[in-house]
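Peer 1: Okay, sequence plus prediction incoming.
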Amino acid sequence: MITGEMKSKVDHLWTTFWNNGISNPLSVIEQISYLLFIKRLDDQKLGKEKKAQRLGRPVKDRIFSEDKPRCRWSFFKNLTDSEEMLRIWMR
């Protein structure tokens, strides 16, 4: 069930997309799906890094290469410049 708080967040997200020129609902859903997917990948990678650190072993995972940390959600979510986000996203 969708609570008032959740509905408010979703409405705010839709408004943000609309104000930035993405008015097609399918495009909005597609962009949200990409963001959720990359967040999930980063969450999995963070879990594997924590486990490897506890065990004192190197991380054996190729979700994100070590030379491209800017592609991770944990980096991407802290950006404030939309142009920089777009440059990273389009690479």
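Peer 2: Arrived safely, thanks for sending.
Peer 1: Could you give the number of residues near the nearest residue to Leu79 once chain neighbours are set aside?
Peer 2: The shortest distance from Leu79 to any non-neighbouring residue, by C-beta to C-beta, 6 or more residues apart in numbering, is to Met85 (5.2 Å). Every residue, glycine included, has its C-beta placed from N, CA and C. Neighbour count for Met85, taken as other C-beta atoms under 10 Å: 13.
Peer 1: now do Trp73
Peer 2: 19.
Peer 1: quick one: contacts for it?
Peer 2: Neighbour list for Trp73: 35, 38-39, 41-43 [criterion: C-beta atoms under 8 Å, 6 or more residues apart in numbering].
Peer 1: Just the buried ones out of those, please.
Peer 2: 38, 42 (16 or more other C-beta atoms under 10 Å).
Peer 1: just curious, which of the contacts of Trp73 is nearest to Ile22?
Peer 2: Leu35 (12.6 Å; C-beta to C-beta).
Peer 1: Go ahead and list the helix or strand containing that closest one.
Peer 2: helix 25-55 (DSSP states H and E).
Peer 1: before we move on, the earlier item: and the pLDDT at the residue nearest to Leu79?
Peer 2: Per-residue pLDDT puts Met85 at 72.
Peer 1: Please pull up the helix or strand immediately following the helix holding Leu35.
Peer 2: Defined by DSSP H and E, the subsequent element after helix 25-55 is helix 73-76.
Peer 1: Which of the residues in that following helix are classified as buried?
Peer 2: Under 16+ other C-beta under 10 Å, the buried positions of helix 73-76 are 73, 76.
Peer 1: how far out from the middle of the chain is that helix?
Peer 2: Offset of helix 73-76 from its chain centre (C-alpha atoms, centre = their mean, to the nearest Å): 6 Å.
Peer 1: Dump it to PDB, restricted to CA.
Peer 2: Output of helix 73-76 as PDB, limited to C-alpha atoms (Å, rounded to 0.1, in the frame of the first residue of the first chain):
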ATOM      1  CA  TRP A  73      25.500   5.000  -7.100                       C
ATOM      2  CA  SER A  74      27.300   6.000  -3.900                       C
ATOM      3  CA  PHE A  75      29.300   8.600  -5.900                       C
ATOM      4  CA  PHE A  76      26.600   9.600  -8.300                       C
END
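Peer 1: Brilliant, that's me finished.
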